[in-house]
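Participant: My questions are about this predicted structure, shown below with the sequence.
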Amino acid sequence: MELHELMRKLHKLELVQQLGHRRGAQEHGLYFGQMPVLDFIAANPGCTQVQVADHLRVSPASIALSTKRLQKAGYLTKEVDAENLRCKRLYISEEGQRVCAMSVSYTHLRAHETELHL
């Protein structure tokens, strides 16, 4: 596969993933930017807000607000780190896992429809 073709498919996959995030967010009353936060926490249980912010390249304050809203909605939990009481570890709840799984399912469906075959 040529580099150009590979880059085109990667770009298309990114667009499909964004559609999946947008659909998942809309169906659950979330903001569009909260789906990547949930995805990262699901893939990295026990991560910190700083780690999420670094990964998504946004401010820690933005992640603090998003995680507060996600916690209030029941999509994640925060637990105090036993070694550093100022640090809170983030974990996705069962409801958060369900939302992420639905978003991934939609992404795979759309990828199949667009012949990306993940």
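Facilitator: Thanks, I have it.

Participant: Please, which helix or strand holds the residue lying closest to residue 79 once chain neighbours are set aside?
Facilitator: Distance criterion CB to CB, 6 or more residues apart in numbering; nearest residue to residue 79, sequence neighbours excluded, is residue 89 at 4.9 Å. For the C-beta atoms, the positions are set from N, CA and C on the backbone; glycine is no exception. Assigning secondary structure by DSSP states H and E places residue 89 in strand 88-92.

Participant: So which elements touch that strand?
Facilitator: Here strand 88-92 touches helix 34-43, helix 49-56, strand 76-80, going by 3 or more CB pairs under 8 Å, 6 or more residues apart in numbering; DSSP states H and E.

Participant: For the ones you listed, which has the smallest mean pLDDT value?
Facilitator: Of all the helices and strands packed on strand 88-92, helix 34-43 carries the lowest average pLDDT, namely a mean of 90.

Participant: so that one versus strand 76-80, what angle?
Facilitator: 50 degrees (axes from the mean of the first three to the mean of the last three CA atoms, to 10 degrees).
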